[in-house]
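S.K.: need a structure here:
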Amino acid sequence: MRMVVILMVILLVIYSDEFFICKSVSESVTHEEAKLLRDEVREMFYHAFDGYMEHAFPRDELKPLSCEGEDTLGGYALTLIDSLDTLALLGDRERFTTSVEWIGKNLRFDINKTISVFETTIRILGGLLSAHLIASDYNTGMRVPSYDDELLYLAEDLARRMLPAFDTPTGIPFGSVNLMHGVDPNESKITSTAGGGTLTLEFGVLSRLTNDPIFEQVTKNAVMGIWARRSKINLVGAHIDVFSGEWTQKDAGIGTSIDSFYEYLLKAYLLFGDEEYLFIFQEAYRAAMHYLYNDPWYVEVNMNSAALVWPLFNSLQAFWPGLQVLAGDIDPAIRTHAAFFSVWKRYGFTPEGFNLATLSVQRGQKSYPLRPELIESTYWLYKATRDPRYLNAGRDMLASLQSGARCTCGYCHISDVEFHTQEDHMESFFLAETVKYLWLLFDLAAGPDNLIENGPYKYIFSTEGHLLPATPQISLVREHCLYFGAFCRSSDLRLETNISGIAKDPGEANRTGSYSCPGPTCSLSRFVPQSLPSISGLVKGFCPGLTHGQRFGIQYVDLVDATIRDESPTQRSANVVQSHSVVLVSNQSAEPSTLEQSDQVDHDKDQESSGQGPKVAQEEATGEVNRTI
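M.R.: The predicted structure is shown next:
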């Protein structure tokens, strides 16, 4: 171990010097050059997108050398769906509109196809949800006039067809599911940590858009199922048995098979404000930095003993500096990015594996499949620091792609980074992520002109680079009525519950419930537990009848007059409505006592109705929620 650490230090010195020498002898990207580079990336996108539409559509992906199509996931226009929000980001209203309309009319998921739960979630489900949120909202500047939530309906249908995968003793889903018949009896019980723990953003957003909590709950339960089986030193392995909960591969790292598990812990907190995710991320991140970090590299160790397994840089690790930027840990992110970029400089691309002990490409891992992770981290570090070195790095990476990967109809995988051998394949994530992050990098330097920087929302990027806005409808789900000033007041509030178990038929309603609510009627967004006591206070939730501006937090609604008297029991009974949850606030003081009732699969800790709730509950009650770290 000591020798490996020494070799790493030597490598850092060699490659850091190479990086900074290159920085000093090359001219920094100017403002005008950034505009030209941004335009070059736009042309890069359309070379690949047009190649796909002309030669491969509606098949999943383009074969850019032979100019043919191939089905790689489910045979439902994967690359088009994955590209939708990139089209919107580039301001291409015509093609975005045409694509949304075609998908709404032609896409169907009632097909006999066995698909990857992970890949389908991050590419298809995420792509549909992101495009829905853009196409349905005036504030994005890309609203489609003819659009009537077709993509949302498709997303819900797709997610329901994937729900059988979560029917396991651990709550961790199977890796694959058939869209028509559910899980095959012979399906493998082994799945990766990333595969089971990288579903929370897409499923959580879907729950909040449909007011059906089942999607958010099964994915949170999967995360808790993985985290509950962590080692005593807070590390997780790479592969796990979804039935027994036993780890079948105990290598812990931040790359292959684990990477986005860490990513979605932090991003689920940032998007949803759920502090459980933040707590888990902090524990997991602390362990990763203690046991996996050999400044500036990361190694793989045994999850129980922390004994070194692989002194290896693999290309999926390159997302980590970007995640560190979101977490506010900038200094190690800068050093790690410099080390990772030195590998790119050496070969023109990052190989799938680079051995830190032999200082060479790992045997059998010589390819570069157009991955976006290093470019993604470059974008985030430039955004955080505005250091011109990251523009220079972006220029170098763009030059490598143009000279080494560009081919007849698109951009080719590189099968060998040492010889730049091209392979006839182009993953959909090239258009969803690689090009997107490059364009955002140079657009930021040129003076940003995009909905992420100039729009009304903050965006969280999914692991596939899809744009998920922190709208009140998504991020303030537990405080909608309070946020909009719509209260249900009563000193003697009666709750009537009528709740059944989760329906076996996906077409049936999963949960039902009712409560009597005087004052403005509230149709709430999360379902209640099996029973609730008689309680009093203010009921808050998502209220129907809001204008577009109110729904998305653009227009303020005055608070209901505090002098409104309680209605009679007769009037209250007339206002019984369907409900999925209740959040009760006993008073409107600056630090109100809070009781939050929910029926989450992982059974969140109950808050005492007479005591002070956690800080996030107090912030929600006042409408002041800080979502930064």
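S.K.: where does the stretch 451-600 of the chain dip in pLDDT?
M.R.: Residue ranges of the stretch 451-600 of the chain with pLDDT under 70: 477-600.
S.K.: the stretch 1-150 of the chain too?
M.R.: Of all residues in the stretch 1-150 of the chain, those with pLDDT under 70 make up the ranges 1-26.
S.K.: and the most centrally placed residue in the chain, how far is that from residue 332?
M.R.: Computing the C-alpha centroid of the chain and ranking residues by C-alpha atoms, centre = their mean puts residue 462 first, at 2.8 Å. For residue 462, the distance to residue 332 equals 24 Å [C-beta to C-beta, to the nearest Å]. Every residue, glycine included, has its C-beta placed from N, CA and C.
S.K.: ok, now which ones touch residue 159?
M.R.: The contact partners of residue 159, taken as C-beta atoms under 8 Å, 6 or more residues apart in numbering, are 125, 202-203, 206, 215.
S.K.: try residue 113
M.R.: Applying C-beta under 8 Å, 6+ apart, the residues contacting residue 113 are 74-75, 178-180.
S.K.: how about it, phi and psi?
M.R.: Main-chain dihedrals, residue 113, degrees, to the nearest 10: phi -130, psi 130.
S.K.: quick one, helices of the stretch 51-200 of the chain?
M.R.: When secondary structure is read from DSSP state H, counting those that start in this stretch, the stretch 51-200 of the chain shows helices at 78-89, 93-106, 117-119, 126-135, 150-162, 193-197, 200-210.
S.K.: and those helices as JSON lines, adding distance to residue 336?
M.R.: Shown next, in JSON lines, are the helices of the stretch 51-200 of the chain (distance: least, C-beta to C-beta, whole Å):
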{"stretch": "helix 78-89", "distance to residue 336": "27"}
{"stretch": "helix 93-106", "distance to residue 336": "36"}
{"stretch": "helix 117-119", "distance to residue 336": "25"}
{"stretch": "helix 126-135", "distance to residue 336": "26"}
{"stretch": "helix 150-162", "distance to residue 336": "34"}
{"stretch": "helix 193-197", "distance to residue 336": "19"}
{"stretch": "helix 200-210", "distance to residue 336": "24"}
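S.K.: quick one, which of the ones you listed gets closest to residue 296.
M.R.: helix 193-197 (22.8 Å; C-beta to C-beta).
S.K.: keeping just the C-alphas, turn the closest one into CSV.
M.R.: Written as CSV, here are the backbone C-alpha positions of helix 193-197 (Å, rounded to 0.1, in the frame of the first residue of the first chain):
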residue,chain,number,x,y,z
THR,A,193,-25.4,-0.3,-6.3
ALA,A,194,-25.7,2.4,-8.9
GLY,A,195,-28.5,0.4,-10.7
GLY,A,196,-30.5,0.2,-7.5
GLY,A,197,-29.7,3.6,-6.0
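S.K.: need the residues that contact that helix.
M.R.: Residues from elsewhere that reach helix 193-197 (C-beta under 8 Å, 6+ apart): 116-118, 172-173, 175, 222-223, 225-226, 236-240, 242, 257-261, 264-265.
S.K.: now intersect those residues with the strands, please.
M.R.: Within the contacts of helix 193-197, membership in strands is found for 116, 239-240, as judged by DSSP state E.
S.K.: what subset of the contacts of helix 193-197 is buried?
M.R.: Buried residues within the contacts of helix 193-197, counting neighbours by 16 or more other C-beta atoms under 10 Å: 116-118, 172-173, 175, 222-223, 225-226, 236-240, 242, 257-261, 264-265.
S.K.: skipping its backbone neighbours, what lies nearest residue 177 in space?
M.R.: In this structure, residue 177 finds its nearest non-sequential neighbour in residue 165, 4.2 Å apart by C-beta to C-beta, 6 or more residues apart in numbering.
S.K.: on that earlier part again, out of the ones in strands among the contacts of helix 193-197, who's nearest residue 276?
M.R.: The shortest approach to residue 276 among those belongs to residue 240, at 20.1 Å (C-beta to C-beta).
S.K.: quick one: that closest one and residue 172 touch, right?
M.R.: Yes: contact status for residue 240 versus residue 172: in contact at 6.4 Å, counting by C-beta atoms under 8 Å.
S.K.: how far away from the center of its chain is the host helix or strand of residue 338?
M.R.: Taking DSSP states H and E as the definition, one finds residue 338 inside helix 330-347. Centroid displacement of helix 330-347 relative to its chain, using C-alpha atoms, centre = their mean, to the nearest Å, is 24 Å.
S.K.: tell me the buried residues in that helix?
M.R.: 333-347.
S.K.: cool, and stretch 271-280?
M.R.: Using 16+ other C-beta under 10 Å as the test for burial, stretch 271-280 gives 271-274, 276-278, 280.
S.K.: ditto for stretch 289-309
M.R.: Within stretch 289-309, judged by 16+ other C-beta under 10 Å, the buried ones are 291-292, 294, 296-303, 306, 308-309.
S.K.: before we move on, what about stretch 443-463?
M.R.: Neighbour-count burial for stretch 443-463, with 16+ other C-beta under 10 Å as criterion, is recorded at 443-446, 450-452, 455, 457, 459-463.
S.K.: and the end-to-end length of that stretch?
M.R.: With C-alpha to C-alpha, to the nearest Å applied, stretch 443-463 spans 21 Å between its terminal residues.
S.K.: excluding its backbone neighbours, what's nearest residue 45?
M.R.: residue 435 is the one closest to residue 45 (C-beta to C-beta, 6+ apart), at 4.6 Å.
S.K.: and that neighbour, what is it in contact with?
M.R.: By C-beta under 8 Å, 6+ apart, the contact set of residue 435 is 41, 44-45, 48, 86.
S.K.: of those, which belong to helices?
M.R.: Judged by DSSP state H, the contacts of residue 435 include 41, 44-45, 48, 86 as members of helices.
S.K.: by neighbour count, which of the residues you listed wins?
M.R.: Using other C-beta atoms under 10 Å as the neighbour test, the ones in helices among the contacts of residue 435 are led by residue 48, with 26 neighbours.
S.K.: ok, back up a step: of all the ones in helices among the contacts of residue 435, which comes closest to residue 383?
M.R.: Closest approach between the ones in helices among the contacts of residue 435 and residue 383, by C-beta to C-beta: residue 41, at 16.2 Å.
S.K.: could you check how far the closest residue to residue 339 other than its chain neighbours is from residue 343?
M.R.: Once flanking residues are discounted, residue 339 sits nearest to residue 296: 4.3 Å by C-beta to C-beta, 6+ apart. To residue 343, residue 296 is 12 Å away according to C-beta to C-beta.
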